[in-house]
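K.L.:
I'll drop the sequence and a predicted model, then ask my questions.
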Amino acid sequence: MAASHLKTRCARLTTKIRKRKYFLQLIYLYSLSIKDFILLKTVSSGAYGKVILARKQNTEDYFAIKVLDKQKMQEKNVVNYVMNEKNILSQMSNDFIVRGVYTFQSEKFLYMVMEFMKGGDFASLLETFGSFEEEVAKYYIA
């Protein structure tokens, strides 16, 4: 009887510890801010924001942070598109598509922290080269 009671108490304590760890992880995620990153350089700029290469202070990991001006997004009526992008990137699990890691905001900006992929995006590549020869196009399409 005592062993069974002890087993039940251990199971309850384990559950409480797991819930507390999860809760603390959530608090940490929700308390992230741009101050947790060292901003290194602007990678690209767009109509309502820019992408900055940054390093997370406590892990030394590199990320691409998309910094979006909330007022400009509203003026250009793209809030729904940005929220869809955020949702899609946060659910990605594909080696060929950048994954969204964190999202947070300040009073003026929305920050979308993504995996950093050296070499940039496909659109930038097209802008640089204009067009591709057939073999190169086949490589990227595959």
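P.N.:
Cool, the structure landed.

K.L.:
Got the domain ranges for this structure?
P.N.:
If you go by automatic domain parsing, the domain ranges for the chain are 1-31, 33-130+133-141.

K.L.:
which residues of this protein fall in strands?
P.N.:
Ranges of strands in the chain, per DSSP state E, are 37-45, 49-56, 62-69, 100-105, 109-115.

K.L.:
Flag the shaky bits of the chain, pLDDT-wise.
P.N.:
For the chain, residues meeting the criterion pLDDT under 70 lie at 1-7, 9-30, 120-121.

K.L.:
would you list every one of the helices in it?
P.N.:
Per DSSP state H, the chain has helices spanning 2-30, 70-75, 79-91, 122-129, 134-141. These are given in chain order.

K.L.:
Just name the most buried of the domains of the chain.
P.N.:
domain 33-130+133-141 (a mean of 14; mean count of other CB atoms under 10 Å). For glycine as for every other residue, the C-beta is placed from the backbone atoms N, C-alpha and C.

K.L.:
So what would you say the end-to-end distance of that one is?
P.N.:
Looking at domain 33-130+133-141, the gap from its leading to its trailing residue is 37 Å under the measure CA to CA, to the nearest Å.

K.L.:
Equivalent analysis for stretch 36-54, please.
P.N.:
The separation between the terminal residues of stretch 36-54, taken as CA to CA, is 10 Å.

K.L.:
Any idea how far that stretch is from the middle of the chain?
P.N.:
A distance of 13 Å separates the C-alpha centroid of stretch 36-54 from that of its chain, computed with CA atoms, centre = their mean, to the nearest Å.

K.L.:
any residues touching it, and which ones?
P.N.:
Counting by CB atoms under 8 Å, 6 or more residues apart in numbering, the neighbours of stretch 36-54 from elsewhere in the structure are 55-58, 62-69, 72-73, 76, 78, 109, 113, 116, 120, 124.

K.L.:
rewinding a little: can you put the strands of the chain in a markdown table and add distance to residue 138?
P.N.:
Formatted as a markdown table, the strands of the chain follow (distance: least, CB to CB, whole Å):
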| stretch | distance to residue 138 |
| --- | --- |
| strand 37-45 | 26 |
| strand 49-56 | 28 |
| strand 62-69 | 27 |
| strand 100-105 | 29 |
| strand 109-115 | 26 |
